[in-house]
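Enquirer: A structural model of the following input is requested.
(chains A and B)
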Protein chains: 2
Amino acid sequence: MKSYRVEFLPFDLDVEAPAGATVLEAAKLAGLPLKAGCGGEGTCGDCVVRVVEGDYQKKASAALSESLVEQGYVLACRTEIQDDLTVLLPEFQELSIRRGAEARLLDEREISGFCEVEPPVRVLELEVPAPTLEDNFSDLKRLEREIMKQSGWTEVGCTYSALQQLPEAIRVDGGRVRVVIYKSGACMQTHPLTEDAVHVEDEAEAEGETRIVLQRQSRPVILDVLPQSSEFRLCGLACDIGTSTVAMHLVDMATGEILASASSLNQQVKCGEDIISRIHYARKPGRLIELHLLIVGTINHLIAEVTDAASVPESDIYYASFAGNTTMLHLFLNLEPRYIREEPYVPVVNQAPEVSAQDVGLDINLEGRVFFAPAVGSYVGGDITAGLLCTPMLREREGVSMFIDAGTNGELVVGNRDWLVTCACSAGPAFEGSGIKCGMPAAEGAIEKLAIREDGSCDYVTIGEGPPKGLCGSGLVDLLAELFVHGYIDRQGKFDPDKSRDMMVEEEGGRGFLVERASACFWGKDLVITETGIANLIRTKGAVFSACALLLKNVGLSWDEIEAFYVAGGFGRSLDIENSVRIGLLPDLDRGRFHYLGNSSLQGAYLVLLSDRNKRLVEDLARNMTYIELNTEPGYMNEYTGSLFLPHTDMRLFPSVERVRGRRQNA
Amino acid sequence: MKSYRVEFLPFDLDVEAPAGATVLEAAKLAGLPLKAGCGGEGTCGDCVVRVVEGDYQKKASAALSESLVEQGYVLACRTEIQDDLTVLLPEFQELSIRRGAEARLLDEREISGFCEVEPPVRVLELEVPAPTLEDNFSDLKRLEREIMKQSGWTEVGCTYSALQQLPEAIRVDGGRVRVVIYKSGACMQTHPLTEDAVHVEDEAEAEGETRIVLQRQSRPVILDVLPQSSEFRLCGLACDIGTSTVAMHLVDMATGEILASASSLNQQVKCGEDIISRIHYARKPGRLIELHLLIVGTINHLIAEVTDAASVPESDIYYASFAGNTTMLHLFLNLEPRYIREEPYVPVVNQAPEVSAQDVGLDINLEGRVFFAPAVGSYVGGDITAGLLCTPMLREREGVSMFIDAGTNGELVVGNRDWLVTCACSAGPAFEGSGIKCGMPAAEGAIEKLAIREDGSCDYVTIGEGPPKGLCGSGLVDLLAELFVHGYIDRQGKFDPDKSRDMMVEEEGGRGFLVERASACFWGKDLVITETGIANLIRTKGAVFSACALLLKNVGLSWDEIEAFYVAGGFGRSLDIENSVRIGLLPDLDRGRFHYLGNSSLQGAYLVLLSDRNKRLVEDLARNMTYIELNTEPGYMNEYTGSLFLPHTDMRLFPSVERVRGRRQNA
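Expert: The predicted model follows:
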């Protein structure tokens, strides 16, 4: 029987599928979890895909609007394979690609990281004299001599790849070369070494502390040698590897300018939504490498997008700074993750050794150096150490602040310059728009702000201002708060039968509140939130809030004593603080204490990319934070179940919410 | 038309050849320079091969003895391909494989290198405690802690491969692991650093010099982590990459014991006999990588032999020390060699950066470290810096010695502890048994000692005591000296028609002196030396001697002022000094001044393998030797042509030879 090759984008996956099979069947063969609520009847419209190349036979189906059809979308379950096909799964596609500089949101006074462009990669432009019978030193020696002359260093190393380029590069432009050098601070030393070998840490010096903290500098290493006539722009990558989404900046390393940004779902989601299910997935033979290849593939896909958008060759990228949780670190480096999940929960490594791009298969310059922000422990990763750079917590000596990263895995940090305590909780990806039928990541078409009008219809703003595709985290927070405040749902998240009657619609996932009618929506389907979705949101906010409460109890502080809350996560561009308090995600305190940071992991990775001092800051941080395990804390279940109400079982904790709800319901 | 695959051993080469073609034709297709003096008529017997696997059709041929046929040998030109074949070319086969320890010929008092077993790779046996909820540091951190406890180091790095092994290795035997560490001295520093970071050079200290030479130690790096229950023996490789032959020791790194040795022709000889022709060959696209793969293939083939002989897995080899000339260094590392040959003759590199086995494709442990003895310049390589370790020259403060390495490329060094001057000459591979019809490397079946009896027949000793296959360098020196002293040839190397008449035979290469009759020889063919072969030997000895004379003139010394001559090369196990003087290879001085070292490059590589201090010694050497270019010296051609006589045009230089020859001819 004839068969065809079906390639699924953005994965590098193909399968052989028999002629006449549907694209949905092919996707299942490929192990892709393409949704199909109706079981392939062509009625639910879940399995929308776009055929990019190849011929196919469409079977009749009702579920797809004409405008989608015009844009090339089909239902996978109603599309028969009659040719080699290339099929794009929109769900996994890059979420956004932006070209050009974006405002650098970094203000020295508001963060702990250094706002300087002093990366460990740099370019030297040199003229290496041609050899003569008198000056017949080797190519490398003549190059080293010029480097030392210009830099004042007393030694320099050379990578094998650079050495192989050298004889050609040094002769093309009469010796005028551009040398890419990597030089980063290395281990901490408490011994007084000579000035030459060390670098005095600014902070320690400034404070006049008696303990002189010294930094031994690593040997500078030549990563590449290029003729000056070649086109060139020294670039770097900052990348947040989230459990659900991956986001990246391509950065000009001379100026710090962001040349392009992109994000997409982490392709690993096909193997499980959270880290626990991925670790479980990795247990079978061949699956750790599969997860490794999926995340590297996701990243390489984004690298192709950002380099294309900025018209920069991938080989101009010599340094990449990553941040992500400890499991992502392990999967990215193809390290056994299972012990993260088994008591006593130890990772293979918190601080990965520096690896080169070719070690991990990253599509940047072969000799590009890869840094991963160090983790504190199995459940507090480099996303947190990097994220803390984006808060002023590490500078503050008075008072105490709290950092909350409400990602798929939630992490909390409390403390100040002198002490930091951290813990983790399993929040779930609801606030990143995953795991909820009407949810989506903060990408084009996502409802990011929402209010319910008196007539029960919704007033909203979408990213890109087009027809809505779903709700991102900030929209979901608004929706939940509005449903609650207006009395459409009760404190347990159940619909009030009377109040909500007119706004309820039936759909395959059950009955739900209609956010927007099919005709106004991008996918041509009603946008609906069901009780299941609401329960999911409540569990997520409950996990975060109860973890915060427990952590405070643990360090002997009350909510009032926390001067500032820094909230990070994939909610979207902004987060309505009032609504966050109303649903009980954040405590009922003066709203001025809350600061929404957005993706602080990405911003932290960017800070680390720009300044070698920031790299050393996160290394220090990772060593010095105290990690506590919440699961083994007594009172954990009590706190958690108390938080599974809107806003909480204990309404005394949320006086302002009680007042508002009372007012609305009485109105 | 049907075709078959013919694989040629020991190369990793195969070709498709049409059914019915001969093995000789297939070899030509594969680019192998299989000799065929008679043009494929089956009469010369040059193209002897052994068919290891597959069916073939033998055509009648006269040239192969019955005993060879019994051993499976065939003539390639008379063997028709009727099947997939595996064919071994005996010429390229390993020359020798020896199992078991060989006496360590190193005496502290006779060499300059350190006779200690202190290599940069070492094994630590540790017990890493299992993690607990209280001690929940990462696997790497717990391992590092134990390493530091046992070693006293303040830091340790880890390779990516070792990290990937770690979680499994650390759990198999309840934490009992074996850690392979690499820690080598690095750059020189003239600043006083703290004791912790430095290592005071013994010598400088011992001499009480005011300049304190300090050595900054490199950071120790974990290359591998293995459970203690696994079979294990920390091994190293010492390898001489000669232009013509490659020789290797497999060494137990705990004791320094040589577990097995092997040598073979350098497979690159198929692309040219000397370095100049190989550099020329490398000019066309794809050929540099071909030469690179041929030398790596030759080495990997030998690694397979020695590890097999010693029953050691290749992955137990964590360190390899290479020595070879500068062109071999470039081809081994796949570096452009062309500028070695073009004025002003600069190499890409003299001291290669440390690379790992996976960088070059060496079949040892992936993370095995590879060191190549540094070169002085384009024509004085690491074989010389390593070889000098095997002489006492670097210790001697009084008097002056000379080191002569008469390889395919000849190199000379004159000086003592305080100064060393070096130069090179193109000698040719005659003394290694290449390029001469009756010549062969010093392997089983080679005549290594020879004397001509009064009746003109030869009295000889072969390696292995079996029937002779050819003559190695020491046998050729004896033969040339005996022919000359007995008057069979004149001072220009031409046969005396009267004297030699009875011993002359005709063969394809021309008329020649019969060394041994076909019936007594392994290959069933007469062993003959022709005038062409004699001329080749005379050119080679002339190149070496004239270079020595010029070098001495250059430094303003006479022969008499040289207290000791250290002669290295591939002559064989011993070299008859008297005969070397008689042919004018060595000067006519007190015979006690001459010391034959054999393969000093291999022995030097072995010394470097055993002791990190020897590695630093060769690095110092390479920096401090003065290189002079002979080709541009006035008087070069005069000296050379004067040396193209037996023993020399100027007989006053060789009074003892004149006396002996006179006596013999008068007798």
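Enquirer: List the buried residues for stretch A:388-396?
Expert: Residues of stretch A:388-396 classed as buried by neighbour count (16 or more other C-beta atoms under 10 Å in any protein chain shown): A:388-394, A:396. For every residue, glycine as well, the C-beta is placed using N, CA and C.
Enquirer: Just the closest of these to chain B, please.
Expert: Distances from chain B to the buried residues of stretch A:388-396, taken as C-beta to the nearest C-beta, are shortest for residue A:388 (19.6 Å).
Enquirer: how about that closest one, what does it touch?
Expert: A:112, A:394, A:403, A:413, A:420, A:600, A:604, A:618, A:621 (C-beta atoms under 8 Å, 6 or more residues apart in numbering or on different chains).
Enquirer: ok, the first one - how many residues close by?
Expert: Okay, so that is residue A:112. 20 (other C-beta atoms under 10 Å in any protein chain shown).
Enquirer: Could you count how many residues lie near residue A:494?
Expert: When counting by other C-beta under 10 Å, one arrives at 12 neighbours for residue A:494.
Enquirer: what about the nearest residue to it once chain neighbours are set aside, neighbour count?
Expert: Closest residue to residue A:494 apart from its sequence neighbours, by C-beta to C-beta, 6 or more residues apart in numbering or on different chains: residue A:531 at 6.4 Å. Residue crowding around residue A:531 was assessed by other C-beta under 10 Å; the count is 17.
Enquirer: Report pLDDT for residue A:531.
Expert: Residue A:531 carries a pLDDT score of 94 in this model.
Enquirer: and if you look at residue A:196?
Expert: Each residue has a pLDDT score; the one for residue A:196 is 34.
Enquirer: one step back: the residue nearest to residue A:494 reaches residue A:495, doesn't it?
Expert: Yes - because the distance of 6.4 Å satisfies C-beta atoms under 8 Å, residue A:531 is recorded as touching residue A:495.
Enquirer: With secondary structure as extra columns, can I get the buried residues of stretch A:388-396 in a markdown table?
Expert: As requested, these are arranged in a markdown table below (DSSP: H, G, I helix; E, B strand; the rest coil):
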| residue | secondary structure |
| --- | --- |
| A:388 | helix |
| A:389 | coil |
| A:390 | coil |
| A:391 | coil |
| A:392 | coil |
| A:393 | coil |
| A:394 | coil |
| A:396 | coil |
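Enquirer: Need these in a markdown table (columns: pLDDT).
Expert: Rendered in a markdown table, the data for these read as follows (pLDDT from 0 to 100):
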| residue | pLDDT |
| --- | --- |
| A:388 | 96 |
| A:389 | 95 |
| A:390 | 93 |
| A:391 | 94 |
| A:392 | 93 |
| A:393 | 93 |
| A:394 | 91 |
| A:396 | 85 |
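Enquirer: ok now do residue A:561, which residues does it touch?
Expert: With contacts taken as C-beta under 8 Å, 6+ apart, residue A:561 has the following neighbours: residue A:400.
Enquirer: Tell me which residues are up against stretch A:57-68.
Expert: Taking C-beta under 8 Å, 6+ apart as the criterion, the residues outside stretch A:57-68 that touch it are A:38, A:42-45, A:48, A:73-75, A:77-80, A:82, A:518, A:522-525.
Enquirer: quick one on the thing from earlier: what touches both of residue A:531 and residue A:495?
Expert: Residues within reach of residue A:531 and of residue A:495 at once, by C-beta under 8 Å, 6+ apart, are residue A:511.
Enquirer: follow-up on the earlier one: separate out the buried members of the contacts of stretch A:57-68.
Expert: For these, burial is judged from neighbour counts taken by 16+ other C-beta under 10 Å, and it is met by A:38, A:42-45, A:48, A:73-75, A:77-79, A:518, A:522-525.
Enquirer: Could you pull up phi and psi at residue A:411?
Expert: Main-chain torsions, residue A:411, degrees, to the nearest 10: phi -130, psi 150.
Enquirer: A strand includes residue A:320, no?
Expert: Yes - using three-state DSSP, the assignment for residue A:320 is a strand.
Enquirer: for it, which residues make a bridge with it?
Expert: Beta-bridge pairing for residue A:320 (DSSP bridges): residue A:237, residue A:370.
Enquirer: and residue A:169, what helix or strand is that in?
Expert: Counting by DSSP states H and E, the secondary-structure element that holds residue A:169 is helix A:160-172.
Enquirer: Determine if any part of that helix is in contact with chain B.
Expert: Yes - remark: helix A:160-172 sits within contact range of chain B at A:160, A:163-164, A:166-168, by C-beta under 8 Å from any C-beta of the partner chain.
Enquirer: re earlier: quick one: contacts for the residue nearest to residue A:494?
Expert: Residue A:531 touches A:493-495, A:510-512, counting by C-beta under 8 Å, 6+ apart.
Enquirer: of all the residues you listed, which comes closest to residue A:609?
Expert: Closest approach to residue A:609 among the contacts of residue A:531 (C-beta to C-beta): residue A:493, at 41.5 Å.
Enquirer: From what I see, the closest one and residue A:532 are in contact.
Expert: No - look at residue A:493 against residue A:532 with C-beta under 8 Å: they stay out of range, at 9.8 Å.
Enquirer: what about those two, which has more around it?
Expert: The residue with more neighbours, out of residue A:493 and residue A:532, is residue A:493; 22 against 14, by other C-beta under 10 Å.
Enquirer: Where do the domain boundaries of chain A fall?
Expert: Under the assignment named as automatic domain parsing, the residue ranges that make up the domains of chain A are A:3-92, A:108-227, A:235-384, A:393-429+A:538-662, A:431-531.
Enquirer: Distance to residue B:323 added to those domains, as TSV?
Expert: Compiled in TSV, the domains of chain A are given as follows (distance: least, C-beta to C-beta, whole Å):
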stretch	distance to residue B:323
domain A:3-92	45
domain A:108-227	17
domain A:235-384	27
domain A:393-429+A:538-662	39
domain A:431-531	59
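Enquirer: Comparing these by mean pLDDT, which bottoms out?
Expert: In terms of mean pLDDT, the lowest-scoring of those is domain A:108-227 (a mean of 79).
Enquirer: Please spell out which residues along stretch A:85-97 are buried.
Expert: Along stretch A:85-97, the positions that meet the burial threshold by neighbour count (16+ other C-beta under 10 Å) are A:85, A:87-89, A:91-97.
Enquirer: in the helix holding residue A:169, what counts as buried?
Expert: A:160-167, A:169-171.
Enquirer: same deal with stretch A:341-357?
Expert: Taking 16+ other C-beta under 10 Å as the basis for neighbour counts, the residues of stretch A:341-357 that come out buried are A:341, A:345-357.
Enquirer: just checking, which of the buried residues of stretch A:85-97 belong to strands?
Expert: With strands defined by DSSP state E, the entries of the buried residues of stretch A:85-97 inside them are A:85, A:87-88, A:94-97.
Enquirer: of those residues, list those near chain B.
Expert: Intersecting those with the contacts of chain B gives an empty set (criterion: C-beta under 8 Å from any C-beta).
Enquirer: Need the max-distance pair from those.
Expert: Comparing all pairs in these by C-beta to C-beta, the longest separation belongs to A:85 and A:96, at 26.0 Å.
Enquirer: List the buried residues in stretch A:24-33.
Expert: When neighbours are counted by 16+ other C-beta under 10 Å, the buried residues of stretch A:24-33 are found to be A:24-28, A:30, A:32.
Enquirer: how about TSV for these, with secondary structure and distance to residue A:440 added?
Expert: Supplementary listing: the buried residues of stretch A:24-33 in TSV, determined by DSSP: H, G, I helix; E, B strand; the rest coil; distance: C-beta to C-beta, whole Å:
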residue	secondary structure	distance to residue A:440
A:24	helix	21
A:25	helix	26
A:26	helix	24
A:27	helix	20
A:28	helix	23
A:30	coil	23
A:32	coil	18
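Enquirer: Noted, bye for now.
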